[in-house]
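In: From the sequence below, what's the structure:
(one chain, ligands or ions: 1)
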Amino acid sequence: MTKVNSTPLILNGRHLADEVLNNISNEINLLKSKNKRIPGLAVVLVGDNPASLTYVNNKEKTSKKIGIYSEVHKLAVNVSETELIKQVKLLNNNKNIDGILVQLPLPAHIKSDKVIEQLDPNKDVDGLHPYNLGKLFSGQDCLVPCTPLGIMEILKHYSINLSGIHTVVIGRSTLVGKPLAALLLGKNATVTIAHSKTENIESVSRTADILISAVGKAKLIKSSWVKNDAIVIDVGINKVYENGISKSVGDVDFENVKSVCKAITPVPGGVGPMTIAMLMANTLKAYKKND
Ligand code: GUN
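Out: Residues are numbered from 1 along each chain as shown. Next up, the predicted model:
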């Protein structure tokens, strides 16, 4: 049964992100007023992938806006794995840097796992080092990947109960799907991870009380994938051209799904801004631990 003419609650990630950033900015102002060192974030970008460049620019802009010291290291697309690791080690030893993020994806000739393993786990603000992922999966405090952390903050902010609730995560990446499953389990949710090889994915998706899509396919999720009154979290940021204009759309076909679901994150303005806000929060957390 499809609901007709109802409007879902819009889970406003931009508003929440602004609140988080404002709190961090206040903490940094306090540090400045006490003449303390301020937190520092280094982002390493290899090559000139336009999407990565946009993400890195946004991270730098946000750092500066809230008073985090920021460095961006741009390396040529043909840089060797050894050279990249050398840069990571320099940043590991840099006392002004609390957080290091190596923007992904890396070019095919570089093994991301090898590079990430060289990060100082205490500066791994992406939460992707095996040390942090191991801690996450064993339920210990650690640096947690930013997008899953941002999703958990949205769910908490809107008082969305997770205990015993069936959540379906579509996508099994190390960046989003897998760590998110660990976080949801930590809040006693029942978790299904579906992915490109899942049989009858549409029916699996339809069993979700909370449906989270992190696939990267524009408008994949239609109303037939969504249970009546489900909560929908859209992690996708997909560039599409409509009438000659480039715009970002999510994995969820918003117009199609909005009459079925109870609440939904928009794209843009949902999970995306929270990812950046959590990167800043992780940088402050690393600073506090390391200082
Ligand atoms: N590329 C897309 N999202 C991310 C992210 O959260 N961290 C890194 N390092 N690269 C990304």
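In: Contacts made by the helix or strand where residue 22 lies with the rest, please.
Out: Residue 22 is part of helix 13-33 when elements are defined by DSSP states H and E. Contact with helix 13-33 is made by 37-39, 62, 65-68, 150, 153-154, 157, 265-266, 268-274, 276-278, 280-281, 284, as judged by C-beta atoms under 8 Å, 6 or more residues apart in numbering. Heads up, the C-betas are built off the backbone N, CA and C, glycines and all.
In: And the contacts of the helix or strand following it?
Out: Scanning the chain past helix 13-33 towards its C-terminal end, the next helix or strand to appear is strand 40-46 (assignment: DSSP H and E). Around strand 40-46, the neighbours that count as contacts under C-beta under 8 Å, 6+ apart are 52-53, 56, 59-60, 63, 68-77, 79, 84, 87-88, 91, 94, 96-103, 106-107, 110, 125, 279-280, 283, 287.
In: Check which strands are paired with strand 40-46 and give the direction for each one.
Out: Sheet pairing for strand 40-46, assigned by DSSP bridges, gives strand 69-75 (parallel), strand 99-102 (parallel).
In: deepest of those strands, which one?
Out: Among these, ranked by average contacts under mean count of other C-beta atoms under 10 Å, first place goes to strand 99-102 (a mean of 26).
In: Reformat the strands paired with strand 40-46 as TSV; add distance to the ligand.
Out: Below are those laid out as TSV (distance: least, C-beta to the nearest ligand atom, whole Å):
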stretch	distance to the ligand
strand 69-75	13
strand 99-102	5
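In: could these be laid out in JSON lines, adding mean pLDDT?
Out: Conversion of the strands paired with strand 40-46 to JSON lines gives the following (pLDDT from 0 to 100):
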{"stretch": "strand 69-75", "mean pLDDT": "98"}
{"stretch": "strand 99-102", "mean pLDDT": "98"}
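In: For residue 241, find the nearest of those strands.
Out: Closest approach to residue 241 among the strands paired with strand 40-46 (C-beta to C-beta): strand 69-75, 27.5 Å.
In: can I assume residue 251 is in contact with residue 212?
Out: No: counting by C-beta atoms under 8 Å, residue 212 is not a contact partner of residue 251; they are 9.5 Å apart.
In: Those two: which has the busier surroundings?
Out: Between residue 251 and residue 212, residue 212 has the larger neighbour count (other C-beta atoms under 10 Å), namely 28 against 24.
In: residues of stretch 273-287 that come out buried?
Out: By neighbour count with 16 or more other C-beta atoms under 10 Å, stretch 273-287 contains the buried residues 273-287.
In: Residues in contact with it: which ones?
Out: In this structure, residues lying in contact with stretch 273-287 by C-beta under 8 Å, 6+ apart are 13-14, 16-18, 20-21, 24, 27-28, 39-41, 58-59, 62-63, 66, 68, 98-99, 101, 122-123, 125-127, 143-144, 146-147, 149-151, 153-154.
In: And the strands in this structure?
Out: Using DSSP state E, the strands of the chain run over residues 9-10, 40-46, 69-75, 99-102, 166-170, 190-194, 210-213, 231-234, 238-242, 245-249, 263-264.
In: picking up where we left off before, residues shared between the contacts of residue 251 and residue 212?
Out: Taking C-beta under 8 Å, 6+ apart as the contact criterion, the residues that touch both residue 251 and residue 212 are 170, 235.
In: Can you name the residues of the stretch 151-291 of the chain sitting close to the ligand?
Out: Counting by C-beta under 6 Å from any ligand atom, the residues of the stretch 151-291 of the chain lying close to the ligand are 175, 275.
In: which of the residues in the helix holding residue 22 are buried?
Out: Using 16+ other C-beta under 10 Å as the test for burial, helix 13-33 gives 13, 16, 17, 20, 21, 24, 27, 28, 31.
In: Which two of those have the greatest separation?
Out: 13 and 31 (26.6 Å).
In: Centre of the chain to stretch 283-291, how far?
Out: Offset of stretch 283-291 from its chain centre (C-alpha atoms, centre = their mean, to the nearest Å): 19 Å.
In: likewise stretch 45-55?
Out: The mean C-alpha position of stretch 45-55 is separated from the chain mean by 16 Å, C-alpha atoms, centre = their mean.
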